[in-house]
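> Sequence first, then the predicted structure:
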Amino acid sequence: MATNYLKIIYSGSYINAQFVATTLEDNNIKCVIRDDFHNSIVAGWVTPGSENSVRVLVAKEDLANALKVIHDTKSNLE
């Protein structure tokens with residue numbers, strides 16, 4: 001998936017991003033987790049910003065379905 005073809009569906013903590021990504025993948029929706037903060041630590045320098053700057057991205061054509069899956073999952077947890 002090209003990054004200019006992706007839309008952010010979640011931005012927040014790493015733990016929640018993992019949950020969102022797992023939920024999407026369980027529903028056959030491919031996604032990408034982008035974590036600039038931890039990637040910069042591994043590279044040997046720390047980018048300014050927050051540890052809660054992890055993003056989950058999906059393809060544009062999957063956006064509506066992904067939002068529905070996340071909404072339904074959230075509703076079931078409440």
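Thanks, I have the structure now. Residues are numbered from 1 along each chain as shown.

> from what I can see Lys60 touches Ala66, true?
No: if you go by C-beta atoms under 8 Å, Lys60 and Ala66 don't touch, sitting 10.3 Å apart. Where you see a C-beta, it was placed from the backbone N, CA and C, and this is true even at glycine.

> Please, where are all the strands along the chain?
6-12, 31-35, 54-59 (DSSP state E).

> distance of Thr22 from Tyr5?
Distance from Thr22 to Tyr5, counting by C-beta to C-beta, to the nearest Å: 22 Å.

> ok so, going back, neighbour count winner among Lys60 and Ala66?
Neighbours per residue (other C-beta atoms under 10 Å) separate Lys60 from Ala66, with Ala66 holding more: 24 against 11.

> what about Tyr10, how many residues close to it?
21.

> Just want the most central residue of this structure.
Closest residue to the average C-alpha location of the chain: Val56 at 1.3 Å, with C-alpha atoms, centre = their mean.

> pretty sure it contacts Ser13?
No: contact criterion C-beta under 8 Å: Val56 and Ser13 do not qualify, at 11.2 Å.

> In the protein, what residue spans correspond to helices?
14-26, 36-43, 63-77 (DSSP state H).

> which residues sit against the longest one?
This means helix 63-77. Helix 63-77 has contacts (C-beta atoms under 8 Å, 6 or more residues apart in numbering) with 7, 9-10, 20, 23-24, 27, 29, 31, 58.
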